[in-house]
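Undergrad: coords please:
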Amino acid sequence: MLMRWLKKREVVIYFLLYRKFGYSQFNLGEALYELSPFFSKKVSLSVIKYLVKLGLLIRNNNYYFTLVPFEEYILLNSYDYLKRRSSLRRKIQ
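TA: Coordinates of the predicted model:
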């Protein structure tokens, strides 16, 4: 799976949610309220959906979410990349 780098907007929204809620559970209304001074409701919802799709947010039920530690996310998603890089490097040498 090819992983694209996160956009600044996605990183900032993850960071804002982390600063407010940490790794505890929060609901969608609370998240939208915290993001409302910076982003529109449409942008906030689309980024939250994308973060769920990536695995940075876990949907506990319809309206409750929990953040995944960023380090854990990078570790899980970089494994395939590192494995592919090591095999390519062995082929070159």
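Undergrad: packing partners for the helix or strand containing residue 48?
TA: Using DSSP states H and E, residue 48 maps to helix 41-54. With contacts defined as 3 or more CB pairs under 8 Å, 6 or more residues apart in numbering; DSSP states H and E, helix 41-54 has these neighbours: helix 8-21, helix 28-35, strand 57-59. Bear in mind the C-beta positions are built from the backbone N, C-alpha and C, glycine included.
Undergrad: Could you list the buried residues of that helix?
TA: Buried residues in helix 41-54, counting neighbours by 16 or more other CB atoms under 10 Å, are found at 44, 47-48, 50-51, 54.
Undergrad: circling back to that earlier point, can you redo the helices and strands packed on helix 41-54 as JSON lines with distance to residue 65 and mean neighbour count?
TA: Output for the helices and strands packed on helix 41-54, formatted as JSON lines (distance: least, CB to CB, whole Å; neighbours: other CB atoms under 10 Å):
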{"stretch": "helix 8-21", "distance to residue 65": "8", "mean neighbour count": "16"}
{"stretch": "helix 28-35", "distance to residue 65": "7", "mean neighbour count": "16"}
{"stretch": "strand 57-59", "distance to residue 65": "5", "mean neighbour count": "16"}
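Undergrad: The longest helix along the chain: which residues count as buried?
TA: Counting by DSSP state H, the longest helix found in the chain is helix 70-92. For helix 70-92, burial by neighbour count (16+ other CB under 10 Å) applies to residue 73.
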